[in-house]
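Visitor: have a look at this prediction, sequence included:
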Amino acid sequence: MHILITGASGFIGKKLVSRLSGDHTVICLSRTAFEANAAFVQGAFDRPEDLRGLDDRAIELCIHLGAVTGGCSEEEGLDVNVLGTRRLYRYLLDRGCRRFVTASSIAAVGSLDDAFVPRSLPISDDHPCLATDAYGLSKAMVEELTRYFQRKEPEAEFVNLRFGAVASDDWAPSPVDLTAPMSVPFVVLAHVHAGDVVEGIVRVVEAPARAGARNYNLVGPDISSDIPAREALEALLGRTDGFDYYDEPGNAYKPLYAMDRFKADYGFAPARPTGFRTTGR
């Protein structure tokens, strides 16, 4: 396939370019030049004049990684992430592209708020946006934007991947101290290794096209903690109900975000552990 990757010079982008360029024609769109075995177009995805640099490229699928990240202002989040993605996707749709993989985030549910309380556990792929921060709001609005575009173009496919906190493949969590306040616990306890993110994206890219707009969580295979999920949740949320899932055999250290649908649809589940077990537990 001819694949466009935005944000190609970033942490995930470089790994993904390397992974895909051997089997596909990859076009990198980035403000920063870098060495890669792929075509390169310098520019920002949210600038119409930069998108014109893609006019002579055949693009069948877009992997959209570019974005302003956590801590952004409302102006940045809405202008770059939401309106910029609208410009990019409208440009590509008008040129015949019908497959899109979007880097969303678990922040779309509101997990960058220290006081965030999920409506259900494990947190579903379609958990509604409860964000009080501009970044989380922008990611949820981009997901809604893809649903709008899919209604306009019923044959198109939009896959929104809600990444956990992405860590390098040699990262290991620190022991959890539940006696002290934990900032953004539903992020801290939900890491995913970069290699699993890349492999998850590749599975979507190489699967048969399937029209629709769908969200999927993509976090590590376990809670990023040495403490069982129930114990951690009871301490964080101050209650004992709603955690029955983690009492089921084999679920004590399962992640806080559900991933059954991603495994069912793409046959992939992250394999690199993002937690660890304390001796005696």
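Guide: Structure's in. What do you need?
Visitor: going forward, measure contacts and count neighbours with C-alpha atoms only.
Guide: Fine.
Visitor: pLDDT wise, what is Thr278 at?
Guide: The confidence metric pLDDT takes the value 42 at Thr278.
Visitor: Ala140 contacts Val109, correct?
Guide: Yes. Taking contacts as CA atoms under 8 Å, Ala140 lies within contact range of Val109: 7.4 Å.
Visitor: these two - which one has more neighbours?
Guide: Applying other CA atoms under 10 Å to Ala140 and Val109 shows that Val109 carries more neighbours, namely 28 against 25.
Visitor: show me where this structure has its helices.
Guide: When secondary structure is read from DSSP state H, the chain shows helices at 11-20, 48-51, 74-76, 85-94, 134-152, 185-188, 194-206, 229-237, 260-266.
Visitor: is it possible to get CSV of these that adds distance to Gly66?
Guide: Listed next are the helices of the chain as CSV, based on distance: least, CA to CA, whole Å:
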stretch, distance to Gly66
helix 11-20, 9
helix 48-51, 13
helix 74-76, 13
helix 85-94, 9
helix 134-152, 12
helix 185-188, 20
helix 194-206, 15
helix 229-237, 32
helix 260-266, 22
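Visitor: make a markdown table out of those helices and add mean pLDDT and distance to Pro221.
Guide: Formatted as a markdown table, the helices of the chain follow (pLDDT from 0 to 100; distance: least, CA to CA, whole Å):
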| stretch | mean pLDDT | distance to Pro221 |
| --- | --- | --- |
| helix 11-20 | 96 | 19 |
| helix 48-51 | 97 | 37 |
| helix 74-76 | 97 | 32 |
| helix 85-94 | 98 | 30 |
| helix 134-152 | 98 | 23 |
| helix 185-188 | 97 | 14 |
| helix 194-206 | 97 | 10 |
| helix 229-237 | 95 | 13 |
| helix 260-266 | 97 | 11 |
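Visitor: thought Val80 was touching Thr69?
Guide: No. Using CA under 8 Å, Val80 is not in contact with Thr69; the gap is 10.2 Å.
Visitor: what about the two, which has more around it?
Guide: Val80 (21 against 16).
Visitor: which ones are touching the residue lying closest to Gly110 once chain neighbours are set aside?
Guide: Among residues not flanking Gly110 along the chain, Ala131 sits closest, at 3.5 Å (CA to CA, 6 or more residues apart in numbering). Neighbouring residues of Ala131 by CA atoms under 8 Å, 6 or more residues apart in numbering: 107-113, 137.
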